[in-house]
Structures are given as C-alpha cells and as structure tokens.
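Trainee: Here is the input, now give the coordinates:
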Amino acid sequence: MVEFRRFKRELGEVHNYFNLIMFNKNSYSVVNREERFFCFLFAHALLSSRAVRVGFAELAKSKCDIALHPDNLEVYVEVAALRDYWYDLGKPDEYLKDTHNLRRVVLEKILEIRDVPLASLDQHELFWTTPKREKLWSPSHWGIEELKNAGLEKLKQVRWAFNAKPDILLVSPKTMLVIEAKLESGEGRKDETGYKQYDILPLIVELWEKLIPEFQKRKMVQAKLERQASGSNTVTWSDIIEIINASDIDPFTRNAMAQLNRYYTKKEIPIQNRVHNQ
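Mentor: As a prediction, this is how the structure comes out:
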C-alpha cells in the first residue's frame, strides 16, 4: 500500500510537470503572428465591408495621394502578375509556334527595357529549355549564375521580379495601389546575390506598366504597410485596425486584428460585439 501511494504521488508530480511545460491556453487568433494571415484578413475586410473600403480609400488618399473607388475595387493578394500573364500566352508544357512568337515579343521588350542587345536571346542557351532552342524559358527560370557567366547581370533583377509576389494589389477603374506589407520581418535580402526586395519593387511596377496593357490604363502607386510609418506612401497596421474596428465586419476579423494591435502597438482598442452585415 505504501509503495502504491508513493507511485501515485510520483505520477502526480510527473503530470504536474508536464502541465507546467504546456503552451498557454490562448486561442490561436490571439497568438498568431503570420503576416500573410493579417494580409488575408485585410483583403477579406475590404471585400466584405463598404465601411472598410470607404475608410481605406480616405486613408490612401491622405497617405499615398491615390484615389481608390470604394464601390469598384478589385482585391488581390500574393500577386504574381508577370508569371500569370506569361502563362496566359499559352500552355507552358507544349510547343506552339504562335505561343513561341508571343513569348519572344515579350522577352525582346524586356531586353529593350534593360538595355540588353536583342541578339542575346539567340546567343545564350540559358534562355532556352533545350539545346534545340525551340522553347523559351520564362524569366522566372533564368539562372543567376548563368546570367552572370554570360555577362548579363542586368537581367537578374528581371528574374527576381518574375518570382516576386507583392502582398496586396488594389485595382480601381483609374488607379492601382501595390502594397508591400511587413509585420515582424524586415526587407528581404540575399547578400551573396545582391538581392534587395525593395529595390525590385520599382522594376516590378515598370514591367507591369510596360508589358501588361490592362495595367497601362491606370495610375499605379506603390505603398508600404508597416508597424510604424517610415516615410511617404506608408500606412500602418494601426491605421487598418482602427478602420476595421469601426466597421460592420464580422467579429472574428475585428477581434483578430485587435489582438495584432495589442501585440505590436501596445495600445488597446475596445472590441465591439457587432453582428456581421450580410
């Protein structure tokens, strides 16, 4: 009996120990720190609530000098427009002469933009999927080392631009706002290759403007969404949270964004129990 009591006590001590090292009991909405999640919530709020669209349009006009139409607004996240439009030229897994010709026109325009001789396309294997040189690679597949060895380092930024995905794109009839969001992480960099995320953004916009007819119809502005304002064309997460908190958005979105505000600005915003406006 004594041995049994001692065993029971020791078992209880083990149980208490493991309880002590468990994670806390907060819901995931309280501890989530994922940048993409909050970008998704912001996009959802824009699509779901006119009050959020109106509030953000006023903010964008004030901070970024751009007029967004709250009743005619397209919302995109993780925007790979260059790759998407390249794919739209034709199926990438088969060879068609018409598709090939369209791809070549696009690549020649890119080389012109980067001040690279057009003859380079036929001089270097790195642009072609096979030694027969029947199919052209998308710039997203160009090799950085191959470009360097060929003396075409001007084109490595194009490769990065094709692989980049700006966080949010808002499209109105006459304007477009390209938003790069940062929460915990800073600017993406790779010192060994010279990659700097913010240096690529202007090239992305330039390629969009010069290669995509649909985008040429609109004034395009770049902006940053950050924890603290760091210059012109910058909005903060606190700006977004205040707009969402005052809207008719669903309680989950409003409460999740309020938690973000508590963690990153140390400022409490009262959570209101409003019913989502269907």
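
Trainee: Show the average pLDDT along stretch 81-94.
Mentor: What stretch 81-94 shows for mean pLDDT is 88.

Trainee: in it, what counts as buried?
Mentor: 81-83, 85-86, 89-90 (16 or more other Cβ atoms under 10 Å). Just so you know, the C-beta spots here come from the backbone N, C-alpha and C atoms, and that holds for glycine as well.

Trainee: Show the contacting residues for residue 90.
Mentor: Shown in contact with residue 90 (Cβ atoms under 8 Å, 6 or more residues apart in numbering): 96, 98-99, 102-103.

Trainee: So which of the residues you listed wins on neighbours?
Mentor: residue 103 (18 neighbours; other Cβ atoms under 10 Å).

Trainee: Surely that one is in a helix?
Mentor: Yes. According to DSSP: H, G, I helix; E, B strand; the rest coil, residue 103 belongs to a helix.

Trainee: Return the subset of the buried residues of stretch 81-94 lying in helices.
Mentor: Judged by DSSP state H, the buried residues of stretch 81-94 include 81-83, 85-86 as members of helices.

Trainee: Any chance of these in a markdown table with distance to residue 132 as columns?
Mentor: Converted to a markdown table, these look like this (distance: Cβ to Cβ, whole Å):
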| residue | distance to residue 132 |
| --- | --- |
| 81 | 30 |
| 82 | 26 |
| 83 | 24 |
| 85 | 26 |
| 86 | 21 |
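
Trainee: nearest residue to the most centrally placed residue in the chain other than its sequence neighbours?
Mentor: In the chain, the C-alpha closest to the average C-alpha coordinate belongs to residue 167, at a distance of 1.7 Å (Cα atoms, centre = their mean). Counting by Cβ to Cβ, 6 or more residues apart in numbering, the nearest residue to residue 167 once its immediate chain neighbours are dropped is residue 181, at 4.2 Å.

Trainee: what's the neighbour count on the one you found?
Mentor: 21.

Trainee: coming back round to it: just the closest of the buried residues of stretch 81-94 to residue 260, please.
Mentor: residue 81 (27.4 Å; Cβ to Cβ).

Trainee: Distance of that closest one relative to residue 237?
Mentor: 25 Å (Cβ to Cβ, to the nearest Å).

Trainee: again, but for residue 203
Mentor: 27 Å.

Trainee: the more surrounded of the two?
Mentor: Legend: neighbour count by other Cβ under 10 Å for residue 203 and residue 237, higher for residue 237 (22 against 16).

Trainee: mind checking pLDDT for that one?
Mentor: pLDDT at residue 237 comes out at 92.

Trainee: Start the count at 15 instead of 1 going forward.
Mentor: In the new numbering, first residue 15, that becomes residue 251.

Trainee: What is the neighbour count of the closest residue to it other than its chain neighbours?
Mentor: Spatial nearest neighbour of residue 251, excluding adjacent residues (Cβ to Cβ, 6+ apart): residue 241 at 5.8 Å. Neighbour count for residue 241, taken as other Cβ under 10 Å: 15.

Trainee: my read: residue 241 touches residue 248, true?
Mentor: No. With contact defined as Cβ atoms under 8 Å, residue 241 and residue 248 do not form a contacting pair (10.4 Å).

Trainee: what's the least confident helix or strand in this structure, going by average pLDDT?
Mentor: Lowest on mean pLDDT, DSSP states H and E among the helices and strands of the chain sits strand 203-204, with a mean of 53.

Trainee: so where do the strands sit in the stretch 15-164 of the chain?
Mentor: For the stretch 15-164 of the chain, applying DSSP state E, counting those that start in this stretch gives strands covering 88-91.

Trainee: and the contacts of residue 104 as TSV, adding distance to residue 58?
Mentor: Listed next are those as TSV, based on distance: Cβ to Cβ, whole Å:
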residue	distance to residue 58
110	39
112	39
113	36
116	35
117	36
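
Trainee: What about residue 126, how many residues nearby?
Mentor: 12.

Trainee: Give me the neighbour count for the closest residue to it other than its chain neighbours.
Mentor: Among residues not flanking residue 126 along the chain, residue 132 sits closest, at 7.2 Å (Cβ to Cβ, 6+ apart). Residues near residue 132, counting by other Cβ under 10 Å, number 12.
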